[in-house]
Every structure is written in structure tokens, then in C-alpha cells.
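Enquirer: 3D, please:
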Amino acid sequence: MLEDRQENEVKNPMFILTEEEKLSIKSEVEAMPLSERHKQVRKEIYAAFHVIKKTLGNKWYERAFKNYMQEDDIKKTGSNLDDLFYFNPSVRLLSDFLIGEYPEIYLKICQFAYFINELWTKTNVKVKIDDYVRQERRRDLSFENFQKFFFELETAFFWIKNNFDVEFVPKGRTETPDFKVISSQGITYVECKKKNDFTAIEQRFEKSARNISNKILEYMQKLRVNFEVEIKVEKEITVSEIDSIVSLIDKAFASGAECFAENLGSISIQGKKLMNYGVTQLLKDIPDATKPPPSVGTKYIFELFNPLNEKRQIISTLGCPNVNPFPIDTPIANFKRVTFHAAFILNKVQTILYSAEDSSQLRLSGVGGSILAIETALNESVEGQIFMKQVFDSLPKIVGNMPYVSAVLLLTTGTVKDDENHSMKAYKVPHAYINPFATHTLPENVDTALRMGKCSYDISFFT
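Expert: You can find the predicted model right below:
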């Protein structure tokens, strides 16, 4: 790994990007025939690439971005910023996610490099990078492992922004927490948890749901109508049921009805007409998901709409609402949504908590005050708040059996587009459950940060 870094070695331990490199990036991008918005994005991506190459090495970079460079050569003037992006949540390889300069990918790349850059001089993040690169060097780069690594950096960054010291724990022969939060009042250990790869049943259901949703959305486009459709299922959808579901819904569209409710065995289907075709509205006026998510089960959301005349389709991650990259005052038209509620699949947080019981005990037992941080794509929307309430309602029963966990932390996240400066601002808000049955209590300042901490920042290497 050290040999891999020699060509792009970090010369000054205080800075990953030198001022000369920043000036070079600015000069190169300014000469491109792009809009000011696209130039700003290109500068940030170039800077992120420099940071990634110099800290994770050329070999990792080339493996991660091999499809990105083939599909969208960023040395050309073209950009994917205004193109349709279809994210398949069951993607397995990192290189199959990093495919071009789409907004979602741009944000992921820039935040990943930004976290590394901010942690570089304030922590021993090099230890975490070495462990991650070593783990991935003999196999295809896993998107799931990258997401876990990203979440660990993101969570550590939250504590740094709240004026704590962070020390990553090197991987050893025994299970260890991910990092320590250090202050004058004591040490707290943090274990970051993210849902494992999709189970076979989740993969099968996601494939069926996506198949059905694509057909329904396409038929809405053909009829020039906009509907919100909600489908609730109690068990797996069979292959023979797919066409029956689509046919039933298509007939309801064609009938001209404003609302409809149908049942196909144990499958419940409801539909409601939205704004007329072609009529412009603001993104903030779009109705939240039809109804609060069920107390159990996993939610799959499929949406199609036209923001600023750009065709985009967004698919949420399992069990979470969409994190939309557009400002809430974006004018849009032809919003349509298909939502699946799969009652037979545990929601994401429930799955993590149940799977964490054994592995977290190995990592956290006997280490003093400890926090179990859970990855979530939730934002501060109404739907996110409803989901969060349901999570916290279920925590006492589950965490009551985990006395080695002092608190559970979920970070909600969001981004705000700054049109004036052509940049993105991000924020993170902690939502914590303090375990009354914990063996060890948390230091007072850590407890306060969990309850009242905040974290906002510009996703930029040039501000």
C-alpha cells in the first residue's frame, strides 16, 4: 500500500491538497467551456480525486473508478449533472455505483474526500484508511464495505465538529470498537453499524417491486397522468402476480378515476391522482409518502418527475425515504410515485439492532461508556420524523437486552444547494437514545453532544 502511494504521496503532513494543486485545478477547469455551476462541480470533483489518490492510492482509485472513467470521461466537456440517474439499491460493486458525474455520485465522492481531508490532521485516520485498503486489496471493491467505511468517517467527523478528539482503533485479532471519543471527562467507545448486504428475500422483492414500478411509471407517462400508488404486501410477490398487479393498476388509470382501491388476494393497492400533466409546482409542495410507514416492514419508493426540465428517476434505499439532491423550491412537473410496503421484511434499523446484539457485545463489552451508531439515510422530512419516532419506540425493548450499549445514535443528514456560490452545504443532526439499563454511563459532555450537538459544513475544498 505504501508503494502504491509513492507517486501521489502527501508531501506536507498538514495538508493533503497543496495550494499549487488547487491553483492548477482552478486553471484547468476555468479553461473548459462549461457553465459556472458545472465548473464549480468539476473543481470539487478534481480536488476530491486528488485527495482520494493521495490517501488511498492509485490502485484503489483505478479499481473504484474504472467504470466512471469509461462512461464519462471528465476530461471532456460533457457532464451527467443534468442526466437521468437510476440507482439500483442492490448494487454490489463500488465501481458499478461510481459511473459518472451525477448529483448523487458527485455528493458521495466529494463528501468522502472531504471527511478524509478534515480528519487528516485531527485524528489518526491513516490507520483506518490502511485497514480498509488492506481489507479490500485482494477482491473486487465492495460497495457495502465502502458504505461502512464512509459511515465511520462521517460519524467521526460529527464528533470532531463538536470539539472532541477522535482516535481510530486499529483492527486486531479480536473484535474492537471503531474509534474512541476522547475528552477531559473520559473516553467513550463508538461502534458503527450498517445493514449488511441485502438478504436473498430482499433482493427478490426489490427486483419484483422495481419491475412493477417501472411498468406503472411508463404507463403513466404514456397516458400523460400523474398518480401516487401505494402497494402493501404481506408476503413475497410471485412471478405470476406481477402482470396481474400491473394490469389491475393500468385499468384503474385508464378508467379516468381520481382515486382507486383494489385488492389482489393479500395484496392491497391504493391510488390517488396528483397534479395534472405538465403543470408546474414546487418540490416542497409534493405530498409526503402517502401515509406514515408501517410499524414493521420495509419501504421501497420509486419516483419519476421533471425538475427544471431534467428527466430524473430516483430510487430510495431500503427502509428509508429518498434523500433528494434538489432544493425544496425547485420547480418541477409530472411528479409520480409508486410506494411498496413489505410487511414481511424487517425495517433497516430493526435489522441492524437485532444483528448487532452478538457482534456489538464482542466489541463493546467491558470497554466503559459506549455508543452504537447506526447508519441511516433519513433526513428531517415529515416522513423521516415519523420513521424516527417508530425507531425510538422500539429501542427500549431491543436495547434493554444490550447493557453494554450506553446509547444508540442515529444521524439524520441533508444537503442545501447554495446557488449564489454554486456550492453545497450539508448538515447532520443527532438523534440519541440513552440506555437506562446500561452498565456504564456516558461522560456528561458526550451525553450533551448526543442530545444537543450539531454539525454543518460546506462541501468544498476551495472555501
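Enquirer: for the stretch 201-350 of the chain, which spans come out with low pLDDT?
Expert: Regions of the stretch 201-350 of the chain meeting the criterion pLDDT under 70 cover residues 283, 287-303, 305-329, 346-350.
Enquirer: residue ranges for the helices of it, please.
Expert: Taking DSSP state H, counting those that start in this stretch as the test, the helices found in the stretch 201-350 of the chain are 239-254, 348-364.
Enquirer: Low-confidence ranges, the stretch 1-150 of the chain, go.
Expert: If you take pLDDT under 70 as the line, the stretch 1-150 of the chain has these spans: 1-14, 69-91.
Enquirer: Please apply the same query to the stretch 351-463 of the chain.
Expert: For the stretch 351-463 of the chain, the stretches with pLDDT under 70 are 351-367, 377-387, 390, 415-423.
Enquirer: quick one: the strands in the stretch 201-350 of the chain?
Expert: Applying DSSP state E, counting those that start in this stretch to the stretch 201-350 of the chain gives strands spanning 227-233, 259-264, 267-273, 280-282, 298-307, 312-315, 331-342.
Enquirer: Show me the one of those strands that comes nearest Phe65.
Expert: Distances from Phe65 to each of the strands of the stretch 201-350 of the chain were compared using CB to CB; the minimum, 22.3 Å, belongs to strand 312-315. For every residue, glycine as well, the C-beta is placed using N, CA and C.
Enquirer: My impression was that Arg451 belongs to a helix - is that right?
Expert: Yes: applying DSSP: H, G, I helix; E, B strand; the rest coil, one finds Arg451 inside a helix.
Enquirer: Isn't it up against Ala432?
Expert: Yes: with contact defined as CB atoms under 8 Å, Arg451 reaches Ala432; the gap is 6.2 Å.
Enquirer: Pick out whichever of the two has more residues nearby.
Expert: Ala432 (22 against 12; other CB atoms under 10 Å).
Enquirer: Quickly find the element holding that one.
Expert: Taking DSSP states H and E as the criterion, Ala432 maps to strand 423-434.
Enquirer: Packing partners of that strand?
Expert: Helices and strands in packing contact with strand 423-434 are listed as helix 103-119, helix 143-161, helix 382-399, strand 407-418, helix 444-452, strand 455-458; criterion 3 or more CB pairs under 8 Å, 6 or more residues apart in numbering; DSSP states H and E.
Enquirer: Export those as a markdown table, with columns for distance to Tyr427.
Expert: What follows is the helices and strands packed on strand 423-434, written out as a markdown table (distance: least, CB to CB, whole Å):
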| stretch | distance to Tyr427 |
| --- | --- |
| helix 103-119 | 12 |
| helix 143-161 | 10 |
| helix 382-399 | 13 |
| strand 407-418 | 6 |
| helix 444-452 | 14 |
| strand 455-458 | 4 |
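Enquirer: So for Ile269, which of these sits nearest?
Expert: Nearest to Ile269 among the helices and strands packed on strand 423-434 is helix 382-399 (20.3 Å), distances taken as CB to CB.
Enquirer: these two touch, right, Leu442 and Thr448?
Expert: No: look at Leu442 against Thr448 with CB under 8 Å: they stay out of range, at 9.3 Å.
Enquirer: Among the two, which residue is more densely surrounded?
Expert: It is Leu442, of Leu442 and Thr448, that has more neighbours when counted by other CB under 10 Å, with 24 against 12.
Enquirer: which residues touch the more buried one?
Expert: Contacts for Leu442 (CB atoms under 8 Å, 6 or more residues apart in numbering) come out as 188, 369, 371, 406-407, 434, 450.
Enquirer: Who are the contact partners of Trp403?
Expert: If you look again at residue 403, you'll see it is Pro, not Trp. Contact analysis of Pro403 by CB under 8 Å, 6+ apart lists 435, 437-439.
Enquirer: hang on, the earlier thing: show me the two of the contacts of Leu442 that sit farthest apart.
Expert: Within these, Thr188 and Ile434 form the most distant pair, 12.3 Å apart (CB to CB).
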